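>>> Quick one, structure for this:
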Amino acid sequence: MENGVATLWKNYLQLSGKSSCKKQVRAKILNVSHAFHSRLMVEMETEFMEYVSRYNFARATIPIVLNCSAKSTQDPADILEDVRGQCTKSVMWHQTIERMLLAGVDCFVEVGTSKTLTGLIKGYHGDHISLSSDLVSTFGGTCALLKKSKKMEL
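Coordinates of the predicted model:
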């Protein structure tokens, strides 16, 4: 029994009139909750930005490294545009993390139920800490623990 990717590939070859492809194609089905970072989110993007526009955002007190460009900014308009872009555009994960490491960031805390990003950070060489906090309510405790261990000044 073949998987959906194999079926799609066979259909593509049949429709394109090709019998094979010169390059080997590898695909992996990801277990994700939504189709973020893809054109499948276009309809949601507008609704999401309408919701976000209800709030006033002040200039960030620390630089924010944007996921879509890996540039650093404190400008709320730039940050919101990047949030919009994350709905439908690819993110520059590697470049974003590299920029943060070069800026001296040595502690990353993922807030939420997933530990995916924490796992990805651990793949980077260097002396840094990567933690996950299951709930926003436990984030304060995580920060207090970091502060106590003098690994990070907050």
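
>>> wait, isn't Ser38 in contact with Val91?
No - if you go by C-beta atoms under 8 Å, Ser38 and Val91 don't touch, sitting 11.1 Å apart. Glycine gets a C-beta too; all of them are placed from N, C-alpha and C.

>>> of these two, who's got more company?
Val91 (17 against 13; other C-beta atoms under 10 Å).

>>> pLDDT score assigned to the more buried one?
At Val91, the pLDDT value in this model is 87.

>>> nearest residue to it other than its sequence neighbours?
Nearest residue to Val91, sequence neighbours excluded (C-beta to C-beta, 6 or more residues apart in numbering): Asn67, at 4.1 Å.

>>> what about the one you found, neighbour count?
18.

>>> The one 4 residues further on too?
Neighbouring residues of Lys71 were enumerated by other C-beta under 10 Å; the total is 15.

>>> quick one: it from Leu101, how far?
15 Å (C-beta to C-beta, to the nearest Å).

>>> go on, Ser69?
17 Å.

>>> repeat for Val111
Taken as C-beta to C-beta, the span from Val111 to Leu101 is 20 Å.

>>> With Thr118 instead?
For Thr118, the distance to Leu101 - C-beta to C-beta - is 15 Å.

>>> follow-up on the earlier one: so what's the residue nearest to Val91 up against?
82, 85-86, 91-93, 96 (C-beta atoms under 8 Å, 6 or more residues apart in numbering).
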